[in-house]
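# need a structure here:
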Amino acid sequence: MEKLLISRCFLGELTTYNEKHHLLVQLKALEEKYILISVCPEVDGGLPTPRLPSERINNLVLMNNGTDVTKEYHLGAQIALDICKKEGITKALLKAKSPSCGSGKIYDGTFSKTLIEGDGVTSELLKANGIRVYNEMEIDELL
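Model (predicted):
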């Protein structure tokens, strides 16, 4: 079976900034088609759960109190890429709108819930290395 990198929050783990999850109703169908390899780039990069919300502003990732967490986001992205390379993973299912996992649209850095075109740090790195990134609105394409 093909391996799929997947956001840990989709598996029901409490890894989001506000210590919630985004358990997928399609999880069983995904498990029947793929070997799921989970990541949470924020946690893997060293950030705690819960944590203050963060947004990407150009090449920086800042918490809503101004703390620069760019280093942690880049470390988590590199860990995700290393897993993909080691496991031969060519597809990833990551959380939409996230400053790490978002693909196509992310929040603009004003903490006003305004979306802009762009990718999170991990999605950007994975795409640059030939890995196809999907979000939860694109699960049907994976199935």
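
# Touching, H22 and T16? I think so.
Yes: using CB atoms under 8 Å as the test, H22 is close enough to T16 to be in contact (7.2 Å). Any C-beta I mention is one placed from the backbone N, CA and C, and that applies to glycine too.

# Pick out whichever of these two has more residues nearby.
Here H22 and T16 are set side by side on neighbour count (other CB atoms under 10 Å), and the busier one is T16, at 21 against 16.

# which residues of this protein fall in strands?
Along the chain, the stretches classed as strands by DSSP state E are 2-7, 34-39, 54-57, 60-63, 91-93, 105-107, 115-117, 132-134.

# in terms of contact, does A92 touch N135 like I think?
No: judged on CB under 8 Å, A92 makes no contact with N135 at a distance of 9.6 Å.

# more neighbours, those two?
Relative neighbour count places A92 above the other of A92 and N135, with 27 against 20, counting by other CB under 10 Å.

# nearest residue to that one other than its sequence neighbours?
Leaving out its chain neighbours, the residue that sits closest to A92 by CB to CB, 6 or more residues apart in numbering is L5, at 3.9 Å.

# most centrally placed residue in this structure?
The chain has C101 as the residue nearest its centroid, 2.5 Å off, counting by CA atoms, centre = their mean.
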